[in-house]
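[1] Fold the following and give me the result.
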Amino acid sequence: MTGSRRSFLKVSGLAAAGMLVPGAADPWDEVQHILARIKPPTFPAREFDVTAYGGKADGKTDNTAAFRKAIEAANAAQGGRVIAKGGTFLTGGITLLSNVNLHVDKGARLLFSPDPKKYLPMVETRWQGIECMNYQAFVYANKATNIAITGQGTLDGQGQTWKPWGSGGSDWSQLQKWGEQGTPVAQRRLGEGHKLRPNLIQFVSCENVLISGITIERPPMWSVHPVKSRNITVEGVTISSRGGGGNNDGVDPECCTDVHIKDSTFNTGDDCIAIKSGRDVDGRRVNMPSQHIVIENNRFVFSNRGAICIGSEASGGARNIFARNCAVNQANNSDQLWYAVFIKTSKYRGGTIENVHFRDITANKLTKSPVFVTLNYSGSGNSGPVVNPVVRNLSFERLTVAGSKEYAVEIDGLSASKVSNVIVSNSKFTSISKGGNKLTNAQNITFPGTTVNGKPA
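    Prediction:
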């Protein structure tokens with residue numbers, strides 16, 4: 001056991017729920033158990049070419065029915081691969097069924113229609129952490145098992161056509177009221193005539209999910225959004241979401257268990273990876289954490305928020321989150337990303353964020369503090385009564401950061417709920433404009449072996 005790990009066990013020595021205790025194993029030992037449980041789905045060697053079901057890769061023909069027929073055929077045959085290859089397929093909403101792999105071949109492009117009616121009828125979904133009935137995601141599944149999107153092709157959301165819808169306006173305000181009042185989800189009906197933009201990919205209550213190799217461009221909102229799902233692998237994906245509809249996050253697992261996000265590249269118009277678990281009253285009603293998540297070997301090219309984030313919709317809690325071997329702004333260009341690590345919640349969210357561990361992260365020329373933990377986030381609104389969140393038991397090892405226009409580590413807790421038990425060990429921060437750290441309403445924060453601008457932190 002390293003000296004820094006002994007220090008962490010020492011400062012975290014209270015036998016509270018979810019906390020490390022003296023003599024406990026290195027929390028990173030848990031990673032091998034998480035990865036052993038995550039098994040990507042496999043599919044029978046049967047192929048269902050979309051063109052055999054009436055599809056045309058001419059960029060003009062509506063292929064919505066062709067995709068539906070091919071997917072239904074693959075599902076009826078007990079599984080297989082639905083293939084799109086050889087050109088551009090214009091389509092509306094695609095719904096995956098169990099045991100189906102949607103394979104977008106190299107050189108192929110799924111071009112999603114800008115017509116909102118192509119994403120009806122309404123389906124069960126979540127919009128910024130609150131459950132409702134709304135337009136389906138461009139690729140959607142509900143209660144499916146063994147599903148995948150693979151290949152070297154591109155999914156183009158044409159999100160710029162949805163941008164005039166903005167942040168939802170009165171529809172978003174109404175949804176927050178429904179969540180606060182406990183209105184039954186089936187009565188929270190939006191869709192046609194309303195303006196809450198759909199996600200590009202969303203899988204709800206699914207199990208055994210693989211998203212591999214694809215490129216995502218210009219989503220109308222969040223790019224990849226698994227909800228209340230389990231056993232998820234996202235690998236080798238390239239997300240270029242800038243120029244989409246707004247709030248263009250990369251991968252946002254919400255209320256999910258056993259998730260592996262690896263070997264991917266993020267160039268996003270908002271958070272790159274954001275772990276979520278519901279918002280305020282409605283999130284606490286569902287009460288399902290995101291947990292057992294491993295993030296590794298990813299590149300973060302651009303974000304006007306954070307590279308790896310938790311929240312702000314984290315009312316169901318988040319725990320056992322691990323991130324390692326990631327590069328933030330590897331190109332070393334100025335003003336490309338705000339934060340390397342961004343943990344954000346508020347006094348309306350509630351929930352517990354704990355057992356979060358980062359190691360071997362490099363970052364360059366950040367606009368904000370490389371590590372920012374705040375319990376005072378209000379960037380996208382709050383509703384309902386005050387329910388203070390808990391944030392505790394965080395570790396950061398071997399961070400190497402060259403450049404920040406603010407502090408090295410910034411922690412912004414609440415007087416009623418202090419951020420507790422944080423260790424930043426064996427890390428090096430250089431060219432930190434404001435020098436040192438800024439710690440407010442925080443306790444048991446230690447910096448063994450860590451320097452800021454050449455001085456002990």
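[2] give me phi/psi at S223?
    Dihedral angles of S223 (phi, psi; degrees, to the nearest 10) stand at phi -80, psi -60.
[3] okay, it: pLDDT?
    Looking at S223, its pLDDT stands at 98.
[4] what's the burial count for it?
    Neighbourhood size, S223 [other C-beta atoms under 10 Å]: 32. To be clear about C-beta, it is placed using only N, CA and C from the backbone, and glycine gets the same treatment.
[5] could you measure it against Q158, distance?
    14 Å (C-beta to C-beta, to the nearest Å).
[6] Could you check how far the closest residue to G79 other than its chain neighbours is from I310?
    Nearest-residue entry for G79: N99, 3.1 Å, with adjacent residues in sequence omitted and distances by C-beta to C-beta, 6 or more residues apart in numbering. Counting by C-beta to C-beta, the gap from N99 to I310 is 33 Å.
[7] can you check V452 too?
    According to C-beta to C-beta, V452 stands 23 Å off from I310.
[8] Kindly state the pLDDT recorded for N101?
    N101 is assigned a pLDDT of 98 by the prediction.
[9] in the sheet, who's paired with K276?
    E254 (DSSP bridges).
[10] Check what pLDDT it gets.
    For K276, pLDDT reads 98.
[11] what's near enough to touch it?
    129, 252-255, 290, 310-311, 313-314 (C-beta atoms under 8 Å, 6 or more residues apart in numbering).
[12] redo that, cut-off 6 Å
    252, 254, 313 (C-beta atoms under 6 Å, 6 or more residues apart in numbering).
[13] which one of those sits closest to V301?
    Distance to V301, by C-beta to C-beta, is smallest for D252 among the contacts of K276, at 17.7 Å.
[14] which residues sit in contact with that closest one?
    Each residue near D252 by C-beta under 6 Å, 6+ apart is listed here: 222, 225, 274, 276.
[15] how near is the last one to T450?
    When C-beta to C-beta is applied, the distance between K276 and T450 equals 29 Å.
[16] and what of the first one?
    Here W222 is placed at a distance of 34 Å from T450 (C-beta to C-beta).
[17] for T265, same thing?
    For T265 relative to T450 (C-beta to C-beta), the value is 29 Å.
[18] between the two, which one's more packed in?
    Legend: neighbour count by other C-beta under 10 Å for T265 and T450, higher for T450 (23 against 18).
[19] Test my guess that that one contacts A457.
    Yes. Taking C-beta atoms under 6 Å as the definition, T450 is a contact partner of A457 at 4.3 Å.
[20] List the residues that are in contact with both of those two.
    Shared contacts of T450 and A457 (C-beta under 6 Å, 6+ apart): none.
[21] from the chain's centre, how far out does whichever helix or strand Q291 is part of sit?
    Per DSSP states H and E: Q291 is located in strand 290-296. The chain centroid and the centroid of strand 290-296 are separated by 10 Å, computed with C-alpha atoms, centre = their mean, to the nearest Å.
[22] Give me the packing partners of it, helices and strands only.
    Secondary-structure packing of strand 290-296 (3 or more C-beta pairs under 6 Å, 6 or more residues apart in numbering; DSSP states H and E): helix 29-37, strand 257-262, strand 318-328.
[23] nearest to L439, of these?
    strand 318-328 (21.4 Å).
[24] List the pairing partners of the very next helix or strand once past that closest one within its sheet, with orientation.
    Downstream of strand 318-328, the first helix or strand assigned by DSSP H and E is strand 337-344. When sheet partners are counted by DSSP bridges, strand 337-344 sits next to strand 299-310 (parallel), strand 371-374 (parallel).
[25] by how many degrees do strand 337-344 and strand 318-328 diverge?
    Here the directions of strand 337-344 and strand 318-328 differ by 170 degrees (axes from the mean of the first three to the mean of the last three C-alpha atoms, to 10 degrees).
[26] okay, now G157: neighbour count?
    By the criterion of other C-beta under 10 Å, G157 has 32 neighbours.
[27] From the rest of the structure, what touches the strand or helix carrying A141?
    Assigned by DSSP H and E, A141 belongs to strand 139-142. Surrounding strand 139-142, the residues in contact under the criterion C-beta under 6 Å, 6+ apart are 94-96, 147, 201-204, 206.
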